[in-house]
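Colleague: Sequence first, predicted coordinates after that:
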Amino acid sequence: MRDLMILALLACLLFTFMLGNRPLSVPDEGRYVEIPREMTVTGDYLTPRLNYVKYFEKPILFYWLEAFSIKVFGLNEFTLRLWPALFGLFGVLGTALAGARLFGRRTGLLAAAVLATSLLYFAFSRAIILDMPVSVLLTLSLLCFLVGTHESLGLSRRLYLYAFYAFAALAVLAKGLIGILIPGMVIGAWILLLNEWRMLRSLYLVTGLALFFAIAAPWHILVSRANADFFHFYFIQEHFLRYLTKMHSRYQPMWFFIPVVLFGLFPWSGFLVQAVKHNLPASWKDRHEHRDALFLLLWAALVFLFFSASSSKLVPYILPVFAPVALLIGRYLSDSWDRVDFPGVRIGYAIVLAASLLLATAILALPVVWKSPEALVLGPYRQVFTITLAVGSVAAWLLSRYRGFSLAFIALTVMSAIFLLEMNAAAPLVDAQSSAKPIALALKARMKANEEVACYGHYYQDLPVYLEQRVTVADWNGELDYGRQAEDTGKWMIDGAALWKRWQEKAIMYVVMETSRYEQLKQTNPNMKFYPIAQTARNIALCNNEVNP
């Protein structure tokens, strides 16, 4: 319990430090705040809407959680990001507890440290998106199943397995059918390889599935009854067609997730191959003696292959791989902890050293190879990143060669934690380049009730959040197109001609657009009146009348 409390405190500090120091990133954070914000305004917690347009791409759980935060704490970046951070914390603690139960106390703690300080896991613990919640719920589901199989028939086993069904159901409510598909795929393959079909009789399938459907089914039934078009769009289009076709233009090659995992696991990716080899059964006959490690290997491999085969790929999709990989690496490093030498460990620290120096060099060269505002604004942070990576990786490498693997692990964990916090400190400079927050605050300072704000040629996902009102969207449909067709949204989903007609007729109206589009508009419409209100690196807010604030 003492270990768990210390781990919880350290992980909580890591995940919540400066959590609200940057504006909402776009498009994702703006979208996944605006939907629950509208729930709190309208009182409709059944049908998700984005800019008051039906939005059925994702299920409801995360929206409910964010709506709760908005009702209790209001709209501020810290509390809005608190749920992803809490899920990140739960994933680390669950990994520690399961690792200790399966492989021993030290493995659990090392695996938790690896997971918490992995680049991608940390990054998504601070982002208002659905992937961290669903990843952690899947992790807790599968870990409860695996630990539960170690219990004899009785109350303890029943509670673990009921927790497995409950977490899988919550994963379905967080991001859809992968909540049951991934656990079923991993568990089915594991039972098949072990040839232990008799295990099915002790999984409480009838009562467990009843619990699963009692949690997962009600919202799906109610929203389907309230929206006749929900079933086809949500299940057919957003699950099956999204996976099997290129309809969302997110196609990437089969190998796409290989560099994502290697980079996302940094700095621990240097031990990935050794950990897999160390945990593999020596022979087919030995697989029963390594059943827990085999479960983790199947978990990581099948999830990786499942998303690699998809026609729609985004970086966060691969997040469910990280917990089993962290446990495999934690077990490998735990076995080497007190050894003077251990196969592959020194090579691992050498790989980490080379990768860190390569990353440091890339960071220094960033403004040269990527000439964008995001790269240029980092300024002195690039030197800070470089020093941290160089000093930390060299220290870990030297300690691994001359003082032992335990001190090297501690040095690498500290380096990674410091590097991640430095990246978080620099993140506001990057997010500010695309954020509409300064424009929204400038508009709010001068707007009166019921005055119209329009987006022209683009939908700024964070603009209605900071304005706390619906915006008119002109000459853009995008992900709002389905909802626009499902209902009469003609008052606030319009074309350019309707926008400029209102611009001429209304006493006061505001429009937000890209600065480059504004320059073109001035040239093509020299007689139209535009009065700039606020401007950022990319966007500008205009008024149709010269009114003092």
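Modeller: Structure's in. What do you need?

Colleague: okay, and the helix or strand of the protein with the least pLDDT?
Modeller: Every helix and strand in the chain was compared by mean pLDDT, DSSP states H and E; the lowest is helix 373-376, with a mean of 66.

Colleague: after it comes which helix or strand?
Modeller: The C-terminal neighbour of helix 373-376 among helices and strands, as given by DSSP states H and E, is helix 381-402.

Colleague: Packing partners of that following helix?
Modeller: For helix 381-402, the packing partners by 3 or more CB pairs under 8 Å, 6 or more residues apart in numbering; DSSP states H and E come out as helix 345-364, helix 405-431. All C-beta atoms are positioned from the backbone trio N, CA, C, and that covers glycine.

Colleague: which parts of it are buried?
Modeller: Residues 381-382, 384-386, 388-390, 392-393, 395-397, 399-400 are the ones in helix 381-402 that count as buried (16 or more other CB atoms under 10 Å).

Colleague: Go through these and say which is closest to Thr361.
Modeller: Using CB to CB, Thr386 is the member of the buried residues of helix 381-402 that lies nearest Thr361, at 8.0 Å.

Colleague: which residues sit in contact with the closest one?
Modeller: Contacts for Thr386 (CB atoms under 8 Å, 6 or more residues apart in numbering) come out as 360-361, 363-364.

Colleague: Quick check on the residues you listed: which are buried?
Modeller: Taking 16+ other CB under 10 Å as the criterion, what is buried in the contacts of Thr386 is 360, 363.

Colleague: could the contacts of Thr386 go into a markdown table alongside pLDDT and distance to Leu209?
Modeller: Shown next, in a markdown table, are the contacts of Thr386 (pLDDT from 0 to 100; distance: CB to CB, whole Å):
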| residue | pLDDT | distance to Leu209 |
| --- | --- | --- |
| Ala360 | 93 | 51 |
| Thr361 | 93 | 53 |
| Ile363 | 89 | 50 |
| Leu364 | 87 | 55 |
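
Colleague: now the contacts of Thr386 as TSV including distance to Phe307?
Modeller: Below are the contacts of Thr386 laid out as TSV (distance: CB to CB, whole Å):
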residue	distance to Phe307
Ala360	30
Thr361	30
Ile363	28
Leu364	33
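
Colleague: quick one: which of the contacts of Thr386 is nearest to Glu479?
Modeller: Closest approach between the contacts of Thr386 and Glu479, by CB to CB: Ile363, at 33.1 Å.

Colleague: ok, the closest one touching Arg382?
Modeller: Yes: look at Ile363 against Arg382 with CB atoms under 8 Å: they come within range, at 5.2 Å.

Colleague: From the contact counts, what lies against whichever strand or helix holds Thr40?
Modeller: Using DSSP H and E, Thr40 sits in helix 28-42. Packing partners of helix 28-42 (3+ CB pairs under 8 Å, 6+ apart): strand 49-50, helix 61-73, helix 463-467.

Colleague: right, so the ones you listed: which one is the most enclosed?
Modeller: When these are scored by mean count of other CB atoms under 10 Å, the highest mean neighbour count falls to helix 463-467 (a mean of 25).

Colleague: centre of the chain versus it, how much separation?
Modeller: Remark: helix 463-467 is offset 22 Å from the chain centroid, using CA atoms, centre = their mean, to the nearest Å.

Colleague: for stretch 265-279, same thing?
Modeller: Here stretch 265-279 is found 22 Å from its chain centre; the criterion is CA atoms, centre = their mean.

Colleague: now could you export just the CA positions of that stretch as CSV?
Modeller: Taking C-alpha atoms only, stretch 265-279 is exported to CSV below (Å, rounded to 0.1, in the frame of the first residue of the first chain):
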residue,chain,number,x,y,z
LEU,A,265,7.7,4.4,-26.2
PHE,A,266,10.8,6.6,-26.0
PRO,A,267,13.1,6.3,-24.1
TRP,A,268,12.1,2.7,-23.3
SER,A,269,12.0,1.5,-26.9
GLY,A,270,15.6,0.5,-26.7
PHE,A,271,14.6,-2.5,-24.5
LEU,A,272,11.5,-3.6,-26.6
VAL,A,273,13.1,-6.3,-28.6
GLN,A,274,15.0,-7.7,-25.7
ALA,A,275,11.9,-7.7,-23.5
VAL,A,276,9.9,-9.6,-26.1
LYS,A,277,12.6,-12.2,-26.5
HIS,A,278,13.0,-12.5,-22.7
ASN,A,279,9.3,-13.1,-22.2
